[in-house]
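# Requesting a structural model of the entry that follows:
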Amino acid sequence: MKNYIYPFTALVGQEDMKLALILNAINPTIGGVLIKGEKGTAKSTAVRALANVLPEYEVVADCPYNCPPTRPEEMCRECAARYAIAPDSLPRAKRKMRVINLPINASEDRVVGTLDLEKALKQGELHFSPGVLAEANRNIIYIDEVNLLDDHIVDLLLDAAAMGVNIVEREGISYSHPSRFILVGTMNPEEGDLRPQLLDRFGLSVEIVGIKNIMQRVEIVERRRRYEQSPENFLTEYADAEQELASQITTAVAHLVNLSVPRPILELIARLNIELDIDGHRGDIVTGKTAQAYAAFTGAENLTPEHVRKVAEMALSHRLQTTPFEQVTRSVSEVLKKLQNKS
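Have a look, this model is predicted:
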């Protein structure tokens, strides 16, 4: 039976969630997205739909890490060694972006992979069994109920996402491989929250709720009914919109390198982070990258304060400081508006 995937462009509402996912696809170094919200709000559907709309990419066909066949700086050590000897000898294949599901009971070995210490110590052979972070290279890792995942495992994922490399060390022996991926975590805040240190490590965060608009809710049900009755017809109906979005993302990726973040925009972002009393500099860096990706997505030639305004809430809201007895009352958009009025 064919496995049909609901079209991304057929999703009704939840614009912030969709935009956050798209911007991470344009620039994965943004650091992933944490989606907070109640169940039944199309979170997992959106992630799978986005993967399906993204273009195929070229890999070294026999590599477990999906290495790109023409970029040695992004290859594992084995592919890089083969490339150095004969660049044209690497077998090539095309693959679709995949969503790798990580269960909340995953062990450290399952995530990072394992080294065979016995072979290494007795025979001098380095034997590594790849884990989820190998499979996820150049793909998407999806964690439902990420707040229930062991903090140590979350740390490992976020470290790999930040560095683009998975490093496994055991008894003085180490092995590393590329691990560049889009990290998507979802959670219901009523079931517990992430530690602030882990929240800060996610690039973007969006909060979603069930849609209250009657006409939109009706449209959700109608579209789902048509999809279930005839998936092929429904996919055909949205084929042009899906192709248009795919082309827009591909164009944005190519355009991204031509977009710099001008100093006045950097100063605006810095003032915003200072005004919101956000610790560290990750907020500044992520806001700049996200505004840059949004500008590329819209086809803009230059970054403007409007690009910052559009993404500031998703880049900074989860970094705001609160006490156990205090609710966040400062609005990122309100502070940004005040800063712009001053300038």
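# how about the helices in the stretch 151-300 of the chain?
In the stretch 151-300 of the chain, the helices defined using DSSP state H, counting those that start in this stretch lie at 151-163, 196-201, 214-229, 231-237, 239-256, 263-275, 282-298.
# quick one, the longest one and helix 282-298 angle?
Going by axes from the mean of the first three to the mean of the last three Cα atoms, to 10 degrees, helix 239-256 is angled at 120 degrees with respect to helix 282-298.
# list the buried ones in helix 239-256?
Neighbour counts over helix 239-256 (16 or more other Cβ atoms under 10 Å) mark 242, 245-246, 248-249, 252-253, 255-256 as buried. No exception for glycine: its C-beta is placed from N, CA and C like everyone else's.
# next one: the last one
Judged by neighbour count using 16+ other Cβ under 10 Å, the buried positions of helix 282-298 are 282-297.
# Just put the buried residues of helix 239-256 in a markdown table and tack on pLDDT and distance to residue 18.
Formatted as a markdown table, those follow (pLDDT from 0 to 100; distance: Cβ to Cβ, whole Å):
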| residue | pLDDT | distance to residue 18 |
| --- | --- | --- |
| 242 | 94 | 13 |
| 245 | 95 | 10 |
| 246 | 94 | 14 |
| 248 | 94 | 13 |
| 249 | 95 | 12 |
| 252 | 95 | 14 |
| 253 | 93 | 17 |
| 255 | 92 | 20 |
| 256 | 92 | 19 |
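# what's the closest of these to residue 100?
Set against residue 100, the nearest of these by Cβ to Cβ is residue 249 (19.9 Å).
# Would you check how far apart the closest one and residue 58 are?
17 Å (Cβ to Cβ, to the nearest Å).
# same deal with residue 213?
From residue 213 to residue 58 the distance is 43 Å (Cβ to Cβ).
# and if you look at residue 246?
Noted for residue 246: a distance of 16 Å to residue 58, by Cβ to Cβ.
# One more: residue 274?
Counting by Cβ to Cβ, the gap from residue 274 to residue 58 is 44 Å.
# one step back: neighbour count: residue 213 and residue 58, which is higher?
Taking other Cβ atoms under 10 Å, residue 213 and residue 58 do not tie; residue 58 has more neighbours (15 against 11).
# want to try CSV for the helices of the stretch 151-300 of the chain, with distance to residue 178 as columns?
Below are the helices of the stretch 151-300 of the chain laid out as CSV (distance: least, Cβ to Cβ, whole Å):
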stretch, distance to residue 178
helix 151-163, 10
helix 196-201, 20
helix 214-229, 36
helix 231-237, 33
helix 239-256, 18
helix 263-275, 30
helix 282-298, 20
